[in-house]
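[1] The following comprises the amino acid sequence and a computationally predicted model.
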Amino acid sequence: MTRLLAEVEEYSLLQSSNLCRPLKYGDISSLIRATLEACSKVLARKGTVLEVKAAKSPFTSAAEPRIVAAAVVSLVSAAASANPFGRICANVDTGRSGMIIAVKGDEPIRDKKALALAAAAARVHKGGVALSDGTAAFSIRAGLTGALGFFSAPTVDEILKNPLSAVNIGLGYD
C-alpha cells in the first residue's frame, strides 16, 4: 500500500511540476536537515547507513516544501536501492546564492523518477540538477520572491510520526 501511495505522490508532483506553484517563506535548511535525519533513522532500522552532512545554519527562502522533501527522499531512496550493502551520503551545502543538496553512494542513482523529481524541484526553485560519478544533486536559488504565506519545518519526530510524511511514504512506513 505504501509503495502505491509513493507512486501516486510522485505522479502528482511530476504532473504539476510545470505549473506555477505557490511558494511559501520558511527555513528550507531545517526542512531538508530534518527530512534527511528522519531518512537516516528509517534506513538504519533497515540496515542501511545514511551519513548526513548539513550545516545547522538557517536558510530562509521562498520554497515549495512538499516538492523539496519529496525530491530529497526520492534521491535517498534511489541511492539506498542502488547501494543496498553500502554507505550512502547526503550533503547540504549552503551559500549566499543558494543551496545544493547532493546524495551519493558507491553505485550511481539510476532511478528515472527520482532524477525527474530532483529536476522538478530544481526547476520550481530556479536551480539546476547534476549527475556525476555516483552523485545526484539539485540546487535551490536564494532570493526567490512571490511567496504566499509561510511554512515551518517539522521536527524529525513529527516527520516519523506522520504516516503521510514524504519520508514514510518514500521509504516505507513501519
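    It's in. Numbering: from 1, shown residues only.
[2] how about the helices in the protein?
    Here the chain has its helices, by DSSP state H, at 2-15, 28-45, 65-82, 112-124, 156-161, 166-171.
[3] separation between residue 129 and residue 40?
    As for residue 129, its distance to residue 40 is 23 Å (criterion: Cβ to Cβ, to the nearest Å). C-beta: built from backbone N, CA, C; applies to glycine.
[4] Next: residue 24.
    According to Cβ to Cβ, residue 24 and residue 40 sit 26 Å apart.
[5] ditto for residue 85
    17 Å.
[6] Residue 131 pairs with what?
    In this entry, residue 131 is beta-bridged to residue 136, by DSSP bridges.
[7] Might one say that it is in contact with residue 115?
    Yes: contact criterion Cβ atoms under 8 Å: residue 131 and residue 115 qualify, at 7.2 Å.
[8] So which of these two has more stuff around it?
    Legend: neighbour count by other Cβ atoms under 10 Å for residue 131 and residue 115, higher for residue 115 (19 against 13).
[9] give the contact list for the more buried one.
    Contact analysis of residue 115 by Cβ atoms under 8 Å, 6 or more residues apart in numbering lists 78, 109, 129, 131, 136.
[10] let's go with 7 Å and repeat that
    109, 136 (Cβ atoms under 7 Å, 6 or more residues apart in numbering).
[11] Test for you: state the pLDDT assigned to it.
    We have a pLDDT of 92 for residue 115.
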